[in-house]
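Peer 1: When you get a sec, could you give me coordinates for this:
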Amino acid sequence: DTAGAYFNMAATCNRKGDYDKSLQMYKKALKIYIATVGEQHEDTAKTYYNMAAAHDRKGEYDKALKMSAKALKIYKATVGEQHKDTADTYSNLANIYIGQGKYDK
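Peer 2: Below is the predicted model of the structure:
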């Protein structure tokens, strides 16, 4: 599937530290996921989650928070509050706040 191929290419770029290229590939995957499975789907949430991580690594904390919030909303609606993916997203949010020095969040 094309979205999956873009997602995998993005993950490879991310591991290599090429966050700009990674984000380009994630955006392509996201567009396809939204068109094919919709906004409220785990694949869409996973893409937002990974985009948040890439933005975080670039120091783009506001963008990272926005993507994480989208992922969290979808995960809570699709897999529930007690799911590993939801917990991972909360952890990701915490790391973003740490990067911003917002320890009280």
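Peer 1: what sits up against the lowest-mean-pLDDT helix or strand in the chain?
Peer 2: Across the helices and strands of the chain, mean pLDDT, DSSP states H and E gives its lowest value to helix 84-99, namely a mean of 94. Helix 84-99 has contacts (C-beta atoms under 8 Å, 6 or more residues apart in numbering) with 42, 45-46, 49, 52-53, 56, 59, 61, 64-65, 68-69, 71-72, 75-76, 79-80, 103, 105. For the C-beta atoms, the positions are set from N, CA and C on the backbone; glycine is no exception.
Peer 1: check contacts around the residue nearest the centre of the chain.
Peer 2: Nearest to the mean C-alpha position of the chain, counting by C-alpha atoms, centre = their mean, stands residue 49 at 1.7 Å. Listed by C-beta under 8 Å, 6+ apart, the contact set of residue 49 reads 67-68, 71, 85, 88-89, 92.
Peer 1: and of those, the nearest to residue 37?
Peer 2: residue 71 (14.6 Å; C-beta to C-beta).
Peer 1: number of nearby residues for the closest one?
Peer 2: 27 (other C-beta atoms under 10 Å).
Peer 1: For the helix or strand hosting it, name the packing helices and strands.
Peer 2: Per DSSP states H and E: residue 71 is located in helix 61-78. When contacts are defined as 3 or more C-beta pairs under 8 Å, 6 or more residues apart in numbering; DSSP states H and E, helix 61-78 packs onto helix 42-57, helix 84-99.
Peer 1: re earlier: looking at per-residue confidence, what score does the residue nearest to the centre of the chain get?
Peer 2: Listed pLDDT for residue 49 reads 97.
Peer 1: Same check on residue 102?
Peer 2: 88.
Peer 1: Residue 77 and residue 38 touch, don't they?
Peer 2: No. Look at residue 77 against residue 38 with C-beta atoms under 8 Å: they stay out of range, at 11.4 Å.
Peer 1: Could you check how far the least confident helix or strand of the chain is from the centre of its chain?
Peer 2: 11 Å (C-alpha atoms, centre = their mean, to the nearest Å).
Peer 1: Specify the angle between it and helix 61-78 in degrees.
Peer 2: Angle of helix 84-99 versus helix 61-78, following axes from the mean of the first three to the mean of the last three C-alpha atoms, to 10 degrees, is 160 degrees.
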